[in-house]
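Asks: Test case, fold it:
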Amino acid sequence: MQMIEVEVLVEAPLEKVWNCFNSSEHITGWNFASDDWHCPSSEVDFQIGGKFSNAMAAKDGSFSFDFWGHYREITPMSRVVFSLGEDLGESRSVEVEFFETEAGVKVVERFTPEDQNTAEMQKQGWQMILNNFKKYCEGL
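Replies: Numbering: from 1, shown residues only. Next comes the predicted model:
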């Protein structure tokens, strides 16, 4: 299955971008697509084989789910690969790369799509979360 790609340019130093993306204290500040959602909790064991779990919930309490997986590859300040969906009998992969440029840090996410929503809908949702990440990181 072909991976879907989204990207954003964050106008901040690489170390700040890396830490905001990978630490639970920051993930709760950006890991949602719109203002009517939030990420009330995040647990991160940031090491190869370690698990992460992020709660994503509608602010009105109407819906919530845990977004979780295991870290498969970590190259500091450069690349993170993690798996998703293992509890569903499938294994989806996510690759995130960080490229330092003169204008800031380009963050590129590639992910294996799920089969519940269209590829375009998934791309739009992941892009909205990545845009929220940019806004959060630049606002610190």
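
Asks: Would you agree Gly69 is in contact with Gly50?
Replies: No. Assessed by CB atoms under 8 Å, Gly69 is found out of contact with Gly50, at 10.0 Å. From N, CA and C alone the C-beta is placed, and that goes for glycine too.

Asks: So these two - more neighbours on which side?
Replies: Neighbour count, other CB atoms under 10 Å: between Gly69 and Gly50, Gly69 has more, with 20 against 14.

Asks: The more buried one: which element?
Replies: Counting by DSSP states H and E, the element that carries Gly69 is strand 64-75.

Asks: distance between the next helix or strand after that strand and the chain's centre?
Replies: Sequence order places strand 79-84 as the next helix or strand after strand 64-75, per DSSP H and E. Put simply, strand 79-84 sits 9 Å off its chain's centre (CA atoms, centre = their mean, to the nearest Å).

Asks: Direction included, what does strand 79-84 pair against?
Replies: strand 64-75 (antiparallel), strand 92-101 (antiparallel) (DSSP bridges).

Asks: And the helix ranked longest in the chain, what's buried?
Replies: Longest helix in the chain, counting residues (DSSP state H): helix 119-139. Residues of helix 119-139 classed as buried: Gln122, Lys123, Trp126, Gln127, Ile129, Leu130, Asn132, Phe133, Lys134, Tyr136, Cys137 (neighbour count, 16 or more other CB atoms under 10 Å).

Asks: Can you pick out the most distant pair from the residues you listed?
Replies: By the measure CB to CB, Gln122 and Cys137 form the most distant pair in those, at 22.5 Å.

Asks: residue ranges with poor pLDDT in this protein?
Replies: For the chain, applying pLDDT under 70 flags the ranges 1, 85-90.

Asks: what's Trp126 in contact with, if anything?
Replies: Neighbour list for Trp126: Ile4, Val6, Glu109, Phe111 [criterion: CB atoms under 8 Å, 6 or more residues apart in numbering].
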